[in-house]
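Undergrad: Sequence and predicted model, in that order:
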Amino acid sequence: MLIDLRDGRVRFLFFFVLFFLNGIARFVSAQEEEAALARRPEEFRQPAPPGDSFRYTLQNLTYEADRSTQRASLRRVLNVHPPLTFETFGELAAFMESKVQTLVNYRVFKSVTYTLEALSQTAEEIFYEGTLRVEERWTLFPIPFIKPAFEEGNFYIRPLIKIYDYNFLGTLTSFFLGGNFEVWWQDDATRWIPRWYLNPKISGIKIGALSFSLEILHQKNWIADNFLESERNIRAYEKDYTFYSTNLSFSTGFALPFGMNYTIGPSGTFYYNYKDRNPRNGYTQSSGIEKSLYSLGISHSLGWGETNWRQNFREGFNVSLSNSYGLSKVEGQDIGWATQFSGFVTGYHIWNRLNPSARLFFDYSLNSVLYGMGSGLRGIPDSDLSGKFFLGLNVDLCVSLLSWRNVGEAQVRPFFDAGLVWRENKKSLQFSRDFRCSVGADFILYLDMLPGLVAVGSAGIDLTNPDWGDPRKYEITIESSLHY
């Protein structure tokens, strides 16, 4: 069978296939070349080491950093204490590679390299001096912008500002200050502000083997649950109210054997200024608000696994199980215990230009209500899905579309999300009411000069809503962080 290149459609398809194959070849070769430049140890320039009957000792490790990164911070996060002896030279090189990867995962350096220089040699041992070099990129990002979004059939805008510093004062700690407010246009064309927040946070403070974090979150919350069709065919909800909350949390974490880690810390949340928006829009009942006043407690989590960044793809897995205990007070009731459990399993794999991943997660409360579970599912309203237990699934297939050397990379990530909630005061599950699933895609942009920053545009469709003409079926958002 001959291919007739005179046919315009055949000619277009032929050149498209050539372009696609050339793009794959260029992407793979660029990845291999950049990986070699970023990670190849300089010891290959040294004379070949003796046989494996020798021992190989890292006698000293020095650090070189440009710009603001403090050498003491590099020393603190890597926690290397020479002299260290290895049975083979390969083990020594692998050890240095692991420290390089640790710094790469911080996403703040343009390059991380190391050298090994032989200092002296005895009949049974070679002594090396290692040097780790980091080259910084810009890590402070003040980001003011306006996010248009579409949710629950409403168009709204979200002016916000986020200030990131992933290498705060050169200490390799992360500082974040964020805040926003939403402006919604309602059915009667009036505007209102259902949600806002202010959130300062600092994490990754290293003191010895311990890591510390401190966070404050002050926000206005909106609960709109169980959509009802009113007599006037205007949006109405069984629960529709707002309230304010302030949360303060502190935590410390440390490493455990077998690659595990443990985090523990106290927290307190205070709730106030409740406002019921019902009855309205043809719905005559009040929301029946259970007004929580405060919760004070302690939370801890156990994690296992490691996820590594390979340029702008991720590889590895993580497992985490969290538990919190605390005292809670509900208006008109005695003080009670609030006990919650949560956990997740995530996995990432790299295959050529593809980076498939998945996350399975759950939240369970013994004696309180969990709100806003819809935030874990793209394409589903954040204020939807409240109850005692929630099980969620995110499945993604990240595809590298375009990669420009020294500029950045564009990716698209089709997704499928699903979630099931056991609602409060319900004796059984009702699939049409308690199950949600959605499909869509995230559009992701990475910039080489700003490795810690990512721009994400997301579009999702609620598959459990049968009305394709219903604007509540769609959700479009713009974010500055990955979903998970």
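TA: Great, that's in hand.
Undergrad: just the helices in the stretch 301-450 of the chain please.
TA: 431-434 (DSSP state H, counting those that start in this stretch).
Undergrad: Flag the shaky bits of it, pLDDT-wise.
TA: Along the stretch 301-450 of the chain, segments meeting pLDDT under 70 span 383, 424-427.
Undergrad: go again using 90 as the cut-off
TA: Applying pLDDT under 90 to the stretch 301-450 of the chain picks out residues 310-311, 328-339, 352-353, 365-376, 379-388, 401-408, 422-434, 447-450.
Undergrad: Strands along that one, start to end?
TA: Taking DSSP state E, counting those that start in this stretch, the strands of the stretch 301-450 of the chain run over residues 313-330, 336-348, 354-365, 389-404, 408-422, 435-447, 450-462.
Undergrad: Which strand residues bridge the closest residue to Ala209 other than its chain neighbours?
TA: Distances taken as Cβ to Cβ, 6 or more residues apart in numbering put Phe254 closest to Ala209, at 5.3 Å, once the chain neighbours are dropped. C-beta here means a position set from N, CA and C on the backbone, and glycine is covered the same way. Beta-bridge partners of Phe254, counted by DSSP bridges, are Tyr262.
Undergrad: pLDDT score assigned to Phe254?
TA: Listed pLDDT for Phe254 reads 91.
Undergrad: now swap in Lys220 and tell me
TA: For Lys220, pLDDT reads 92.
Undergrad: OK, contacts around it?
TA: 193-197, 242-244 (Cβ atoms under 8 Å, 6 or more residues apart in numbering).
Undergrad: Which of those are buried, as a ChimeraX select command?
TA: Per 16 or more other Cβ atoms under 10 Å, the buried members of the contacts of Lys220 correspond to this ChimeraX selection:
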select :194,195,196,197,242,243
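Undergrad: among the contacts of Lys220, which are in strands?
TA: Residues of the contacts of Lys220 located in strands (DSSP state E): 196-197, 242-244.
Undergrad: Could you single out the nearest of those to Leu140?
TA: Set against Leu140, the nearest of the ones in strands among the contacts of Lys220 by Cβ to Cβ is Tyr197 (21.4 Å).
Undergrad: Let me know whether the closest one touches Gly179 as I believe.
TA: Yes - contact criterion Cβ atoms under 8 Å: Tyr197 and Gly179 qualify, at 6.3 Å.
Undergrad: Ramachandran angles for Met96?
TA: phi -70, psi -40 (degrees, to the nearest 10).
Undergrad: That one - how many residues pack around it?
TA: Other residues lying near Met96 total 23 when counted by other Cβ atoms under 10 Å.
Undergrad: Just to check, it is in contact with Thr113?
TA: No - with contact defined as Cβ under 8 Å, Met96 does not count as touching Thr113 (9.9 Å).
Undergrad: what's across from Lys239 in the sheet?
TA: Going by DSSP bridges, Lys239 is paired in beta bridges with Asp225.
Undergrad: That one contacts Arg277, correct?
TA: No - applying Cβ under 8 Å as the test, Lys239 and Arg277 come out as separate, 9.4 Å apart.
Undergrad: Now do the same for Gly204: helix, strand or coil?
TA: For Gly204, the secondary structure call by DSSP: H, G, I helix; E, B strand; the rest coil comes out as strand.
Undergrad: Could you pull up the residues touching Arg423?
TA: For Arg423, the contacting residues are 386-388, 433-434, by Cβ under 8 Å, 6+ apart.
Undergrad: Apply 10 Å and report the result again.
TA: 225-226, 369, 385-390, 429-430, 433-434 (Cβ atoms under 10 Å, 6 or more residues apart in numbering).
Undergrad: Now a PyMOL select for only the buried ones of these.
TA: A single PyMOL command selects the buried members of these (16+ other Cβ under 10 Å):
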select buried, resi 225+385+386+387+388+389+390+434
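Undergrad: Can you pull the residues that touch both of Tyr197 and Gly179?
TA: Common contacts of Tyr197 and Gly179, defined by Cβ under 10 Å, 6+ apart, comprise 160, 218-219.
Undergrad: could you redo those as JSON lines and give each row neighbour count, secondary structure and distance to Asp66?
TA: What follows is the shared contacts of Tyr197 and Gly179, written out as JSON lines (neighbours: other Cβ atoms under 10 Å; DSSP: H, G, I helix; E, B strand; the rest coil; distance: Cβ to Cβ, whole Å):
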{"residue": "Leu160", "neighbour count": "19", "secondary structure": "strand", "distance to Asp66": "32"}
{"residue": "His218", "neighbour count": "16", "secondary structure": "strand", "distance to Asp66": "38"}
{"residue": "Gln219", "neighbour count": "17", "secondary structure": "strand", "distance to Asp66": "39"}
